[in-house]
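K.L.:
got a predicted structure plus its sequence, pasted below:
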Amino acid sequence: MSSYSVTEPSVRQKWAAGTLVVIYALITILPLLWIIATSFKSPSDAIAYPPKTVFQPTLEGYVNLFTTRTRATEQDLKELGEPNTWYDRIVRKDGFVIAGPSRFLERFSNSMIIGFGSTVLCIVLGTAAAYAFSRFKVPLKDDLLFFILSTRMMPPIAVAIPIFLMFRSLGLNDTHAGMILLYTAVNLSLAVWLLKGFIDEIPIEYEEAALIDGYTRFQAFYKVVLPQAMTGIASTAIFCLIFAWNEYAFAVLLTSGTAQTAPPFIPTIIGVGGQDWPAVAAGATLFLVPVMIFTIVLRKHLLRGITFGAVRK
Amino acid sequence: MAQIRIQNVRKEFGAFTAVQSSSFTVEDGEFFMLLGPSGCGKTTTLRMMAGLELPTSGEIYIDGEEVGMKPASQRDIAFVFQMFALYPHMNVRKNISYPLLSQGMSRAEAKTRVEEVARILKIENILDRPVGGLSGGDRQRVALGRAIVRRPKAFFMDEPLGALDAEFREHMAEELRALHDRIGATTVYVTHDQLEAMQMGDKIVVMNHGVVEQFGKPQDIYDWPATKFVAKFIGSPAMNFFDFDGMIGIGSNVIELSGHRVTVPLSRQGASGKLTLGVRPEHIRFSDASAYRGRVLATEYLGTTQIVTMATPNGEIKARTPAKQSVTSGEIIGLEFDPQTLTIFDDMKGQALLSEANERVLRHG
């Protein structure tokens, strides 16, 4: 049962609380809005001083994000004739021609594969381990759980060098499998602990009822426990995905080509001149989208209660 | 429907013995009560019968087949949990049909079975509701529905009325008993409430500390308790114990209670030393002719009867007498016992001595 404060807050207290929430929301959302705005600015508007809040929106940042370009002389541009597409037109305005696609799409899909891959693996292994810890007599259960938690007691990057050496000798450097394994290993302890808490809350009688109703233990787990653990699974998945998605240090250290994720790639877009902030902003904006969609999709599970009051305690 | 036989079943959890070598038989179609205080092993016994717990040793026969080591899903039984354990992510209809689907029954057939059960339990109007918003009674009925829909060999119920309000419990107990009389299924019911057990059961097993103390019909257990524990546990107020030092020989029918002769049923067993005379409160009469006397400490008026608490030379006792018989506190009254209702216990073993009166009940078990 939750407890309630005895005195109702006064109108003034409510106003003060509301104002604080709004201020906090503004502080957190402002950088986000700024990066989204920057992605639609031209390079000169992006570095204008004083900063521009009103500007002529352009897709130049997005075009630069997805392409590589070479500088062309007046002569060359004349020989090429009129640009065929809207993005050609944007690029030529500054005296460039498109040389080919950039690596962004590739890096972005690497992020998707590694992020979601490690999340799925984490949830599968984590749910199974949490269920076992919650329901069965495991020898040295408490010690094992503490050991699992202890892997989170140092910042993961503290073990970067041993992991680098290990990955090199195992041939996992710069591979999708290597990164999925690494992020799974980092997240799994959190997943096991979170999920164990949720599964502990589900009364064992549900499974026993299913066992008596003629189902096997696995069916009982799959059909009765899992649907009720959805809330826990959803929130754990969000945590795992956000970590894997945002991770930068290991990605810089362990990937360079085939398996490089978006976070180490985006800063490199800025190029030699150090002028192309709109392209960086465009990369960052697009990078936000999948996690936002994932969180919004799973939100309804986060809000739903576990047992709907079907149990009388 | 089936007979269930428990033979020398024992259950240990590490160093703790929950159930010690228990044996009893539940006859086909019986409403059978497992009664005892909490922690006595009654729930563990039921769970072993259901297959939710495996016995450390011993055999369990359902319908003549030894099932001790079989998983619950293969025993063809149904279980009603105290907390009902309705699947929260399914509505009422799905909850009830769930055991049918595991048997591979077609959806159409399952639907007719569910509706039939809903009619019996009068819950047709809530079939499509989620289980979350149901009242305690309706949840209880849905849990029963899920149990009877499969027509299993036996029903096991673990304090199914424990989660209900007191006033509703009475009503549900009647409904349960009526349902049993209607479908006649072998039912094993766990409870710690002796009144519930007496009220509903065809037969009762009384357990304590993992041991079966007595097993038989409610009236036999009430009239002729096999042990002091049973005598104390069953009946409200409990059986009175007059503790005395003395002896009784085989074939004797007299004991000496603080210097007064008391006639008891003809004894089939001899004993001496610390003994206890057990008398139900309603078998104590006030009589000026009796030399055995007690002092009235308090009276409780209960309408047609009253409970009179008295101090006697052998300890404090309670008598149930007609309410119209006026008694005042501090009064000294002679006490008389109905000879054919008395039980003598051996204090050391805590067991009743066999007599002419109780041997019919106590010999069989």
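P.N.:
Structure's in. What do you need?
K.L.:
could you say which helix or strand holds residue 190?
P.N.:
Since no chain was named, I'll use chain A. helix A:176-201 (DSSP states H and E).
K.L.:
hmm, no, I was thinking of chain B.
P.N.:
B:V190 belongs to strand B:186-191, assigned by DSSP H and E.
K.L.:
now check that strand, is it near chain A?
P.N.:
No. Strand B:186-191 lies out of reach of chain A by CB under 8 Å from any CB of the partner chain, never closer than 13.3 Å. (Each C-beta comes from the backbone N, C-alpha and C, glycine too.)
K.L.:
what's the first helix or strand after that strand?
P.N.:
Assigned by DSSP H and E, the successor of strand B:186-191 is helix B:194-200.
K.L.:
alpha carbons of that next one, as CSV, please.
P.N.:
Output of helix B:194-200 as CSV, limited to C-alpha atoms (Å, rounded to 0.1, in the frame of the first residue of the first chain):
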residue,chain,number,x,y,z
GLN,B,194,-12.3,-26.7,13.2
LEU,B,195,-15.9,-25.4,12.8
GLU,B,196,-15.5,-25.3,9.0
ALA,B,197,-14.1,-28.8,9.1
MET,B,198,-16.9,-30.2,11.2
GLN,B,199,-19.6,-28.3,9.2
MET,B,200,-18.5,-29.4,5.7
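K.L.:
list the buried residues for that helix?
P.N.:
Neighbour-count burial for helix B:194-200, counted by 16 or more other CB atoms under 10 Å in any protein chain shown, picks out B:Q194, B:E196, B:A197, B:M198, B:M200.
K.L.:
which non-adjacent residue is nearest the first one?
P.N.:
What that stands for is B:Q194. In space, and not counting its chain neighbours, B:Q194 is closest to B:I234: 5.0 Å by CB to CB, 6 or more residues apart in numbering or on different chains.
K.L.:
wait, the one you found sits on B:D223?
P.N.:
No. B:I234 sits out of contact with B:D223 when judged by CB atoms under 8 Å, with a separation of 10.0 Å.
K.L.:
the stretch 51-200 of chain A: strands as residue ranges?
P.N.:
A:67-71, A:96-101 (DSSP state E, counting those that start in this stretch).
K.L.:
the stretch 51-200 of chain B too?
P.N.:
Using DSSP E, counting those that start in this stretch, strands in the stretch 51-200 of chain B cover B:57-62, B:65-66, B:77-80, B:154-158, B:186-191.
K.L.:
walk me through the domains of the chain.
P.N.:
Unless you meant another one, I'm taking chain A. Domain assignment for chain A, taken from automatic domain parsing, gives A:43-102, A:105-303.
K.L.:
hm, I was asking about chain B
P.N.:
B:4-223, B:228-362.
K.L.:
pLDDT below threshold where in chain B?
P.N.:
Along chain B, segments meeting pLDDT under 70 span B:1, B:364-365.
K.L.:
residues from it in reach of chain A?
P.N.:
So chain B meets chain A at B:50-52, B:71-73, B:77-79, B:81, B:83-89, B:98-99, B:102-103, B:130-133, B:136, B:139, B:146, B:150, B:163 (CB under 8 Å from any CB).
K.L.:
tell me what the helix ranked longest in chain B is packed against?
P.N.:
Longest helix in chain B by number of residues, with DSSP state H as the criterion: helix B:166-183. Contact partners of helix B:166-183 among helices and strands, from 3 or more CB pairs under 8 Å, 6 or more residues apart in numbering or on different chains; DSSP states H and E: helix B:107-121, helix B:136-148, helix B:194-200.
K.L.:
tabulate the ones you listed in JSON lines, adding columns for distance to A:P83.
P.N.:
JSON lines is the format used below for the helices and strands packed on helix B:166-183 (distance: least, CB to CB, whole Å):
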{"stretch": "helix B:107-121", "distance to A:P83": "63"}
{"stretch": "helix B:136-148", "distance to A:P83": "71"}
{"stretch": "helix B:194-200", "distance to A:P83": "89"}
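K.L.:
of all those helices, which one is nearest B:Q306?
P.N.:
Shortest distance between B:Q306 and the helices and strands packed on helix B:166-183, using CB to CB, is found for helix B:194-200: 19.8 Å.
K.L.:
past that closest one, which element shows up next along the chain?
P.N.:
Downstream of helix B:194-200, the next assigned helix or strand under DSSP H and E is strand B:203-208.
K.L.:
you'd agree B:A289 is up against B:L335?
P.N.:
No. Contact status for B:A289 versus B:L335: not in contact, 10.6 Å apart, counting by CB under 8 Å.
K.L.:
and the two? Which one has more around it.
P.N.:
Neighbours per residue (other CB atoms under 10 Å in any protein chain shown) separate B:A289 from B:L335, with B:L335 holding more: 22 against 6.
K.L.:
please name the residues that touch that one.
P.N.:
By CB atoms under 8 Å, 6 or more residues apart in numbering or on different chains, B:L335 lies in contact with B:I284, B:R285, B:F286, B:S287, B:S290, B:Y292, B:R293, B:G294, B:M310, B:T312, B:A319.
K.L.:
who wins on neighbours among the residues you listed?
P.N.:
Within the contacts of B:L335, most neighbours by other CB under 10 Å means B:A319, with 26 neighbours.
K.L.:
mind listing what's buried in the strand or helix carrying it?
P.N.:
Using DSSP H and E, B:A319 sits within strand B:315-322. The neighbour-count check on strand B:315-322 (16+ other CB under 10 Å) flags B:I317, B:K318, B:A319, B:R320, B:T321 as buried.
K.L.:
and of the buried residues of helix B:194-200, the nearest to chain A?
P.N.:
When these are compared for distance to chain A (CB to the nearest CB), B:E196 wins out at 18.3 Å.
K.L.:
so where's chain A shaky on pLDDT?
P.N.:
Residue ranges of chain A with pLDDT under 70: A:1-6, A:271-274, A:302-313.
K.L.:
mind naming the longest helix for it?
P.N.:
Per DSSP H, chain A has its longest helix at helix A:104-135.
K.L.:
now the angle between strand B:203-208 and the strand holding B:V190, please.
P.N.:
40 degrees (axes from the mean of the first three to the mean of the last three CA atoms, to 10 degrees).
K.L.:
what lies in contact with strand B:186-191?
P.N.:
The contact list for strand B:186-191, computed with CB under 8 Å, 6+ apart, reads B:1-4, B:26-35, B:42-43, B:46, B:49, B:153-162, B:180, B:197, B:200-201.
K.L.:
gap between B:M200 and B:T187?
P.N.:
9 Å (CB to CB, to the nearest Å).
K.L.:
can you redo the domains of chain A as CSV with mean neighbour count and distance to chain B?
P.N.:
Shown next, in CSV, are those (neighbours: other CB atoms under 10 Å in any protein chain shown; distance: least, CB to the nearest CB, whole Å):
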stretch, mean neighbour count, distance to chain B
domain A:43-102, 14, 44
domain A:105-303, 18, 4
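K.L.:
adding distance to B:M207, write these out as a markdown table.
P.N.:
Output for the domains of chain A, formatted as a markdown table (distance: least, CB to CB, whole Å):
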| stretch | distance to B:M207 |
| --- | --- |
| domain A:43-102 | 75 |
| domain A:105-303 | 21 |
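K.L.:
for B:D346, find the nearest of these.
P.N.:
It is, among the domains of chain A and with distance given as CB to CB, domain A:105-303, at 41.7 Å.
K.L.:
can you give me how far that closest one is from the chain middle?
P.N.:
9 Å (CA atoms, centre = their mean, to the nearest Å).
K.L.:
please apply the same query to stretch A:49-64.
P.N.:
Centroid separation for stretch A:49-64 versus its chain: 26 Å, with CA atoms, centre = their mean.
K.L.:
again, but for stretch B:104-112
P.N.:
How far stretch B:104-112 lies from its chain's middle: 38 Å, per CA atoms, centre = their mean.
K.L.:
thanks again, I'm all set now.
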